[in-house]
Every structure is written in C-alpha cells, then in structure tokens.
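J.: All I have is the shape, not the residue letters:
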C-alpha cells in the first residue's frame, strides 16, 4: 500500500481546525463583530473547498494514471465499497448520537440523515449539533459520480494527446458550477448551494491536478514559485474576507457576490494545494512544516474531528446555559478542542481504522490462475 502524503494530511488538519474555529466563532458571536479579524474568521469555510479539491485530486489520480500510463483502471465496485466504509461507519456513530439526543424525527427523518439525503430536503429542520454535515452528501455524490466521469473522460481522451484531452474534458465541469450559481441566484433557489453541481468546480480543480501530477510529475516552476503561491493565497483570502464575496450572515448574497466567492475560494484552494500536489519535496520547509508527525496525525484523524466538533460545541453551550451568540470564546474553544480531540482519537482508532482494514480485506483482488502476473494496480486513496 502506498504511504500517505504527510503534507496533504497536514493540509487536512489545518482545514479541519479552520472549520472548528469558524463554528466556535459563530456560536459565540465573535464572528459577527466589527473588524477585519471577525470577517476573516467568517471565511474559514474555505476549508470545505480545500477538502473537496483534495477528494478530486486523490480519488481521480488512479483513473488519470490509467489513461496516461495505461495502468489498470480502478474497479468501480471496489472503489465504492472503500468509500462507503471510509465515510459511513463513524458518520453513523456521530449523527446517530446527535439525532438521539436532540431531534424528534420519526423513522423517515432518521432514514434521510442515515442515508446522507438531508440536503435534498432543505425545508426539514436541521438537528442541533449537525450543522456541519451538509458537506457529506456533496462528497458522497461526487464519489458515486466519479466512476462515470472517469469512464467518459477515458473515452474522450483516447482520440489524441491524452493528458491534454483529459484537461479539456475536466474544463467542462466548472462551467456547470457557473450555470448552477446563476440559476440559484436568478431563480432564488438557495438550496442548490447544497448540491454537487454548485461545488463541482472544486472537485474539478483537484481532478486537473491529478492529471498534471501524473503527466508532469514534479514541477520545478511551481516548486520555485511556492512562496509566491502562498502569499497570493493569503492576499486573495483577505479579498474573500470582504463584502465583495457576500455577507457574513445567512442573508443571501447577490449573483456577483456568489460568483466572486466561488472564484476566490477556488483560487485560494488551488494556490494552497498546488505546491504540495505538483511540487512535493520532502526536504522543503513547507513539507517539513505541514508534514511533521503531529500535523500528519491530526490530518489522519481530521474526518473524526470534523464530525465530532459541532456536537461537542452544542453540548457545551447547552450545559453552560449560554445564550445564542453570547458564549465565552476562550472557554468554548479550549474545552471543545480538548474533548473533540479525545473523541476523534478514539473513533479514528476504534471505528475508522477497523473499517479501512475491512475494506482492504473484502476488496482485495484475487489473481486469476495460470495467468501472467498483472501490472500493479494503483491504490485507492
């Protein structure tokens, strides 16, 4: 099995901490105060596009390698089985506890949440402690669609320069996002923001990086420009943290604000990930910082951290009797971080690791008898 990329795990860790800090700030009201810092805190949702981009990068790369290097393609059923076992067991644990504690759903409501269908029923009230779960139906939609996209791109790429044609095919996907954003705003359909087409541009950028990583490998240009990439990402994040990208509250943005926000989030996510996806160098400062053992481990447990942090914050606020948007930021941050970390370590080792071992065991390919040794299959991330 291919070893994990420690630096990409470090990016996951920072993204998960960003989502946690965003929700601490919103639940305590700090995010809605005046000043640049609260505005910048309100845009920590940039973590979600980064998560989506990483999914596109890591999950599409075996298919891109199959097209460019003629290696065997991933088996769709095996791939989907691994995705289900990667996502669902610990999700069922966290969501089930929160639903049991704070919802009054009947069996139909439970079924919607257990099957990650909650985004398709936007009029249903969201239970306390599960407000972060809107991203998972989008992720799962991409997981299910990816084998179909990969098959279409594979057929399209056979007619010429394969890497270039793959990139041309992937370039269609951001157009779908632009059309969806326009429809959502012009026809007042805000629930479209909870669907895959609205967010497809982030996955598409990751898929494009997957093609480039197989095609060109290590890019000396991106390696040399990595500091400038990070500086530009920081400057664009400051621009994202203004009214240009929409309000901080639940007030719906205008069409120009929505387009600016999607564009800026895409640019920031690409600039942050590209130096590690296309110019990874273990000895570089950036890889040593984000790929250190602590950051890498936090990245491995980041999914559990993402799931647990909102129920923990909710429970803490309920136990302390804090009024909405008036909790103490420092105490909520410290207590929620410590408890979430402990729960995340436990669920990672007791649930996630076991599910991943099961996925590898059940999906291990059986070599055909009396046949030449097959070429190595690219491991699924």
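T.: Looks like it arrived, so ask away. The structure displayed is predicted, hence computed values, not measured ones.

J.: Now residue 57: closest residue in space that isn't a chain neighbour?
T.: Nearest in space to residue 57, with sequence neighbours left out and distances taken as C-beta to C-beta, 6 or more residues apart in numbering, is residue 206 at 3.8 Å. Any C-beta I mention is one placed from the backbone N, CA and C, and that applies to glycine too.

J.: brain fart, residue 348
T.: residue 301 is the one closest to residue 348 (C-beta to C-beta, 6+ apart), at 4.3 Å.

J.: go on, residue 293?
T.: Nearest residue to residue 293, sequence neighbours excluded (C-beta to C-beta, 6+ apart): residue 6, at 7.9 Å.

J.: which residues touch that neighbour?
T.: Applying C-beta atoms under 8 Å, 6 or more residues apart in numbering, we find residue 6 in contact with 287, 290-293, 295-296, 299.

J.: Ok, residue 121 next?
T.: Taking C-beta under 8 Å, 6+ apart, one finds residue 112 in contact with residue 121.

J.: Likewise for residue 140?
T.: Contact partners of residue 140, counting by C-beta under 8 Å, 6+ apart, are 83, 87, 116.

J.: how about a cut-off of 7 Å?
T.: Contacts for residue 140 (C-beta atoms under 7 Å, 6 or more residues apart in numbering) come out as 87, 116.

J.: same check, this time on residue 333
T.: Counting by C-beta under 7 Å, 6+ apart, residue 333 touches residue 24.

J.: so how far is residue 113 from it?
T.: Distance of residue 333 to residue 113, given as C-beta to C-beta, to the nearest Å: 27 Å.

J.: Then residue 135?
T.: Going from residue 135 to residue 113 by C-beta to C-beta gives 14 Å.

J.: more crowded one of these two?
T.: Comparing residue 135 with residue 113 by other C-beta atoms under 10 Å, the one with more neighbours is residue 113, at 24 against 18.

J.: Just the element for that one, please.
T.: Assigned by DSSP states H and E, residue 113 falls within helix 107-114.

J.: tilt between the helix or strand that comes right after that helix and helix 107-114?
T.: Toward the C-terminal end, the helix or strand that comes next after helix 107-114 (DSSP H and E) is helix 135-157. For helix 135-157 against helix 107-114, the angle between stretch directions is 50 degrees (axes from the mean of the first three to the mean of the last three C-alpha atoms, to 10 degrees).

J.: Residue numbering should commence at 55 henceforth.
T.: I'll keep to 55 as the first residue from here, and by that count the last item is helix 189-211.

J.: chain center to helix 189-211: distance?
T.: 15 Å (C-alpha atoms, centre = their mean, to the nearest Å).

J.: Go through that helix and flag the buried ones.
T.: Buried residues in helix 189-211, counted by 16 or more other C-beta atoms under 10 Å: 189-197, 200-201, 203-204, 207-208, 210-211.

J.: likewise stretch 297-307?
T.: 299-300, 302, 307.

J.: Out of those, which one has the weakest pLDDT?
T.: When the buried residues of stretch 297-307 are sorted by pLDDT, the bottom entry is residue 302 at 89.

J.: Look up how far residue 299 lies from the residue nearest to that one when sequence neighbours are not counted.
T.: Spatial nearest neighbour of residue 302, chain neighbours left out: residue 96 (4.2 Å); criterion: C-beta to C-beta, 6+ apart. Residue 96 sits 10 Å away from residue 299, going by C-beta to C-beta.

J.: Residue 90: what's it in contact with?
T.: Residue 90 is in contact with residue 295, counting by C-beta under 7 Å, 6+ apart.
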